[in-house]
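# One predicted model, sequence on top.
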Amino acid sequence: MPGRTRNCWLILALAACGPTGGESSPSRTVADEVTPASTLPRTEAAAPADASAEAGDGGEPLGVTGEDPGTGEATGEATTAAAEEPEIVAPEGYGKVHFPVDVPDPDTLTMHGLAGYEVVAVYSRPDLSSPKLGYLRIGTRLKVTEKVGETDECKKGFHGLPMGGFVCAGKGFVVEKDKPPFMKYEIPRPALDQAHPYLYGFVRKWSSPMWWRIPTDTERAAAEAQRAQRESERTGTPIAAAGDTDGDAAASPTPGEPAADVKLPLSLATPWLERGFFLSLGEKIKEESRSYYRTARGAFVEAGDVSPYDAKDFKGVELGDEIAFPVAFVDKKETKLFALTDDNKLKAVKTLEKRDFIDVDEETEIGGKAYMITPDGHLVRKDHLAIPELQPLPKGLDPWERWVDVSLSKQMLVAYEGTRPVYVTLVSTGKKGTPEESFETPTGRWRIYTKHISTTMDGNTASDGNYSIQDVPWTMFFFGSYALHGAFWHRSFGHVRSHGCVNLGPSDARWLFFWTTPFLPEGWHGVHATDESPGSTVIVHA
């Protein structure tokens, strides 16, 4: 059992925005994010054939942290910091996005800008062929510069952003000189200070239409006819008996109106929703006696088709001088915390529930059983606890770098700054699945290559059927379609559950999102790592 590390090296925590210079090509483009199916974690968790080396790391083989690929011996050092160790400070600009063009002077931000499309790419230069550094989300408002250039591909010109980078006015970005651009329904901004950036809703009816604008009565009637047809095909029942699963009769078109010939303003990405899908919700709108929810992505769904969802959460523990390794989580349904009486008997003083965090110090033996002693002198059975092991600094990382260690066997994540653990929590990684459809999380070493305040994840699996979760919070992709992300739909942390990603409690995912690199510039919804702004290392091991 490693010793406690309460007197630790101090790692400087840096701000998350600002110019630093430098140009590079991101691993993932904003254009990919426009098509949800191409950006979301896949359910067939197969690693690509070239996954034997970490990009930009000199071809170092993937493997357990700190191991030499030739000998299997540890190459990093798992140390407890001594008081005489020098303070370790990250270099200036660590984690910040590098912009090859200077950030504009605030006095030049004279135009009113609005992201009018679901995703608006941020370019490193006023050129569509330049690297995309991240993106803005629909509804984002900010002041921008006058037009700084135009190309054949961007005839309306580029505008500089206050934090750096450029957007094209002809690619979903709207600019006006004298007043903010008009938007009939404002899109809810993500709550960056909350565990859940949005409110969420659970789709409760099959074949629920989702619209890009509120439909007319004629359009709604036509959609109900199509809905009845879809339900007839899904359930194998005649249309006369079809309807929603809650027993409401399907609406019929208004007499004399050709329902089949009406062009419906359905959402292009997801026109028909299935029961069990999740949506991120904005305001509730009432028009002509009907109520709709405006989603956080700008679409509309009838209020009767979706129910507000009580989003779940789980929170690990930030470590420091007061709480440091060793630490533990209760790994049984419940266990007892004991006090040792004057006559050397154990007296239960408290019941601990599964997943409860407990700070521990040393190990001792009583009656042939191992117990861990807490800082206040209480005892708890060691075999009732999940205890993370202190990991060495991975080979090739500098002593100030931030990195993440995920243990599949312990279902636990520890965040490190150099050799110092700074956060610990429980996770849910990929379940075994079947030989034909494995969901297991791959082991290896990678770097985070793109981060999103939220992104949609969907798919179709043989065992679980279709699924779609809009705006999965605090998503950090590290390998293909595998990501660290918040999971608001369960609290099974400490047990395998996912389709391959590393599920975290939303509070934990939020903490990691703002702690890992690259840091998200203010006002952006997503950011991409580059050679000059690399992502934090993620190591997954058995």
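Perfect, thanks for sending it.

# ok, and what's touching stretch 289-301?
Outside stretch 289-301, the residues within contact range by CB atoms under 8 Å, 6 or more residues apart in numbering are 118, 138-139, 185, 187-188, 190, 198, 201, 203, 208-214, 220, 267, 270, 273, 279-286, 302-304, 306, 454, 470-471. Every C-beta, even on glycine, is put in place using the N, C-alpha and C of the backbone.

# same thing but 7 Å
Around stretch 289-301, the neighbours that count as contacts under CB atoms under 7 Å, 6 or more residues apart in numbering are 118, 138, 185, 187-188, 198, 201, 208, 210-214, 267, 279-285, 302-303, 306, 470-471.

# And it, what's buried?
292-301 (16 or more other CB atoms under 10 Å).

# what's the answer for stretch 120-129, then?
120-126, 128.

# In strands only, show me these.
Among the buried residues of stretch 120-129, DSSP state E puts 120-123 in strands.

# from the residues you listed, which single one is nearest residue 388?
Nearest to residue 388 among those is residue 122, at 37.3 Å by CB to CB.

# Hmm, the closest one is touching residue 137, no?
No - the pair residue 122 / residue 137 is not scored as a contact, 11.3 Å apart, by CB atoms under 7 Å.

# which ones are touching the residue lying closest to residue 153 once chain neighbours are set aside?
Once flanking residues are discounted, residue 153 sits nearest to residue 128: 4.7 Å by CB to CB, 6 or more residues apart in numbering. If you count contacts by CB under 7 Å, 6+ apart, residue 128 has them with 151, 153-154, 168.

# Among these, which one has the most neighbours?
residue 168 (23 neighbours; other CB atoms under 10 Å).

# Could I get the phi/psi values of it?
phi -100, psi 120 (degrees, to the nearest 10).

# Show me the longest strand that occurs in this protein.
strand 465-479.

# So which helix or strand of this protein has the lowest pLDDT on average?
helix 36-39 (a mean of 28; mean pLDDT, DSSP states H and E).

# Could you please name the strands the next helix or strand after that one pairs with and the direction of each pair?
Heading C-terminal from helix 36-39, the first helix or strand you meet, by DSSP states H and E, is strand 111-115. Applying DSSP bridges to the sheet, strand 111-115 is found paired with strand 141-144 (antiparallel), strand 173-176 (antiparallel).

# mind saving the C-alpha coords of stretch 283-302 as CSV?
Taking Å, rounded to 0.1, in the frame of the first residue of the first chain, the C-alpha atoms of stretch 283-302 are listed here in CSV:
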residue,chain,number,x,y,z
GLU,A,283,-38.0,26.7,-23.0
LYS,A,284,-41.6,25.5,-23.3
ILE,A,285,-43.5,27.4,-26.0
LYS,A,286,-47.3,27.6,-26.5
GLU,A,287,-48.7,28.4,-29.9
GLU,A,288,-52.4,28.1,-30.8
SER,A,289,-53.3,25.9,-27.8
ARG,A,290,-50.4,23.5,-28.4
SER,A,291,-47.3,23.3,-26.3
TYR,A,292,-43.8,22.5,-27.6
TYR,A,293,-40.4,22.2,-26.2
ARG,A,294,-37.6,24.1,-27.9
THR,A,295,-34.6,21.8,-27.8
ALA,A,296,-31.1,23.1,-26.9
ARG,A,297,-30.2,22.4,-30.6
GLY,A,298,-33.0,24.6,-32.0
ALA,A,299,-35.6,22.0,-32.9
PHE,A,300,-39.1,21.6,-31.6
VAL,A,301,-41.0,18.6,-30.2
GLU,A,302,-44.5,18.5,-28.9
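
# show me what contacts residue 355?
Per CB under 7 Å, 6+ apart, neighbours of residue 355: 329-330, 426, 493-494.

# mind checking the SS state of it?
coil (DSSP: H, G, I helix; E, B strand; the rest coil).

# The one 10 residues further on too?
Here residue 365 is strand, with the state taken from three-state DSSP.

# Read off the pLDDT value for it.
Looking at residue 365, its pLDDT stands at 95.

# Over to residue 461?
83.

# Could you count how many residues lie near it?
Neighbours of residue 461 (other CB under 10 Å): 16.

# do residue 349 as well
With other CB under 10 Å as criterion, residue 349 counts 11.

# And residue 378, by the same measure?
With other CB under 10 Å as criterion, residue 378 counts 18.
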